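**Student:** curious how this folds, go ahead:
(one chain, ligands or ions: 1)
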Amino acid sequence: PFAVILQRSGKTVQVDEKTTILDALAKSGVIVPSSCESGTCGTCKTGLISGDVDHRDMVLDESEHTCKIMVCVSRAKSGNLVLDL
Ligand code: FES
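**Tutor:** Got it, this is the predicted structure:
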């Protein structure tokens, strides 16, 4: 489990092992547009401010790995993530 900290709204959302960041956000009332939910379409692209991300999508290239995250599939590798939401 880890937490995502939403920089703009000041919220912190816990993400457990069985839940995607996308679903955890939705349960907290933060709706990120999504479509494929399998890391291929690009719809759920979200700004990443900081954190150690385990990128599991097929959308982002290396140059985006420090500033974007696909929240339908990717997770924290360690610690918490700060998102631009
Ligand atoms: Fe398609 Fe996340 S919803 S990449």
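**Student:** residue 34 against residue 72, yeah?
**Tutor:** Yes. In this structure, residue 34 is within contact of residue 72 by Cβ atoms under 8 Å, at 5.5 Å. Just so you know, the C-beta spots here come from the backbone N, C-alpha and C atoms, and that holds for glycine as well.
**Student:** and the two? Which one has more around it.
**Tutor:** residue 72 (25 against 18; other Cβ atoms under 10 Å).
**Student:** helices of this protein, start to end?
**Tutor:** 21-27 (DSSP state H).
**Student:** flag every residue of it that's near the ligand.
**Tutor:** 34-37, 39-44, 57, 59, 70, 72 (Cβ under 6 Å from any ligand atom).
**Student:** where exactly do the strands run in this protein?
**Tutor:** Ranges of strands in the chain, per DSSP state E, are 2-6, 11-15, 45-54, 68-70, 75-83.
**Student:** right, so those: which one is the most enclosed?
**Tutor:** Ranked by mean neighbour count under mean count of other Cβ atoms under 10 Å, these are led by strand 68-70, which reaches a mean of 27.
**Student:** tell me what that strand is packed against?
**Tutor:** Counting contacts by 3 or more Cβ pairs under 8 Å, 6 or more residues apart in numbering; DSSP states H and E, strand 68-70 packs against strand 45-54.
**Student:** what does the average pLDDT come to for the strand it packs on?
**Tutor:** Here strand 45-54 scores 98 as its mean pLDDT.
**Student:** tilt between that strand and strand 75-83?
**Tutor:** Calculated by axes from the mean of the first three to the mean of the last three Cα atoms, to 10 degrees, strand 45-54 forms an angle of 130 degrees with strand 75-83.
**Student:** other SSEs contacting strand 45-54?
**Tutor:** Packing partners of strand 45-54 (3+ Cβ pairs under 8 Å, 6+ apart): strand 68-70, strand 75-83.
**Student:** need those in JSON lines (columns: mean pLDDT).
**Tutor:** Below are these laid out as JSON lines (pLDDT from 0 to 100):
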{"stretch": "strand 68-70", "mean pLDDT": "98"}
{"stretch": "strand 75-83", "mean pLDDT": "98"}
